[in-house]
Each structure stands twice: as C-alpha cells, then as structure tokens.
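*Asks:* Okay, sequence plus prediction incoming.
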Amino acid sequence: MKRYLPSPAMAAACLALGVSLGGTGYAVTVLPKNSVGTAQLKNNAVIGTKVKNGSLRGVDFAVDELPAGAKGDTGERGEKGDKGDPGTARGWAFVKADSTVLRGSNVKAVRKINPGTYCVSFDGVDELRAGAVATARLSAAYVVTEPGGCSNPDGEDGIQVKTSSLKTSSPSAEDTGFTVVVP
C-alpha cells in the first residue's frame, strides 16, 4: 500500500489553522471576561454591524456627520434687551482701493501714497500712539505707526496702511480696499 504525504502547502495551512484556533482557545480560557476594551482596539476596528442600534449618541459623531432633523416650530418672541453701550473706537474707516472713504467716523483724510500704501488721518487722534488695526478682504493689510511714516496734505502725521496680495507665494503691494480702526 502506497502512503500519501501531504504537500508543503497543506502542511502550512494545517499549521496556521492550529495556531489560530489555539490563540482563540487561549483567549477564551485565559482572558477574564470584559478584559478587552477601548484601549486594546485598533482604530477603525469596529464596524457598523457590530454596534448595537440606539447605543450611540450625538456626541459620538463628528460635526456635520449626522443629518439635520426636521425644522421645529418658531419659538415665542423674547423680551427686548437693554440698550448697549456706545462704541469706544476713536475713529474708523472703510476705504476703497482708490482711497475713497465709504463710511467712517472722525476720518480727516485718506490718500494713496504708492501702490498698496495709504495714509489715513483722524480728527482728535494721536496717530503715533493710536494702536490702529487694519484688515483687508482676500489680501493682507498692516499698519505702520512710526514718526514720519506718512503725512497728509494738511501736514499732520497719519496712519500708514499697507496692503498686499496673498495670491502668490511672495506677497506684493496691491491696491485693495481695507478697514482701519483706532480703538
């Protein structure tokens, strides 16, 4: 009678099966109940079919991951609030790229010095000690407050505002509208 020996592939498969069943048997007999928890799980190891329905709450999901519910009824109108304190800014201006003031308070003069450089002066404000702030939409804007930084036709010092494009890797001077506030 001829004996058949298993092929090397069959021997490897049987060995792998024995090791895997042995590991499962070890886990069942040696590990205490409920000893495997969150700390032992790898990221993304649990899938939706393994989660009990109704066991998750809204805080368990990322922002915008859950669909919005139906819109609720309009609530009752609240009481009128107290009048707010008046603003404390000493001066402010919305300025167009051509140095035209759209709106503002205590603005004396605005002039364009060079491309992307403007000089803004305010009534009753010491521009060199003002601590002004400037912003520009889709561009960068910053304030230069140093003696002789700029002066308007009346000879008074002003706040120098510089605007530059952020569209390229190296910012360059660009005429653009901006907002400047003297708190």
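*Replies:* Received, thanks.
*Asks:* Unless I misread the structure, residue 10 falls within a helix.
*Replies:* Yes: using DSSP: H, G, I helix; E, B strand; the rest coil, the assignment for residue 10 is a helix.
*Asks:* mind starting the numbering at 337 from now?
*Replies:* Got it, first residue is 337 now, which makes that one residue 346.
*Asks:* which residues in this protein form strands?
*Replies:* For the chain, the strands defined by DSSP state E occupy 427-431, 437-441, 443-450, 453-458, 469-471, 475-480, 495-501, 508-509, 514-518.
*Asks:* Name the helix or strand of this structure that has the lowest mean pLDDT.
*Replies:* Counting by mean pLDDT, DSSP states H and E, the chain has its least confident helix or strand at strand 475-480, which shows a mean of 71.
*Asks:* circling back: wait, which of the strands of the chain is closest to residue 416?
*Replies:* Proximity to residue 416 (CB to CB) singles out strand 437-441 among the strands of the chain, at 26.3 Å. Where you see a C-beta, it was placed from the backbone N, CA and C, and this is true even at glycine.
*Asks:* show me where pLDDT drops low in the protein?
*Replies:* Residue ranges of the chain with pLDDT under 70: 337, 359-364, 463-466, 474, 477, 481-485, 489-490, 503-506.
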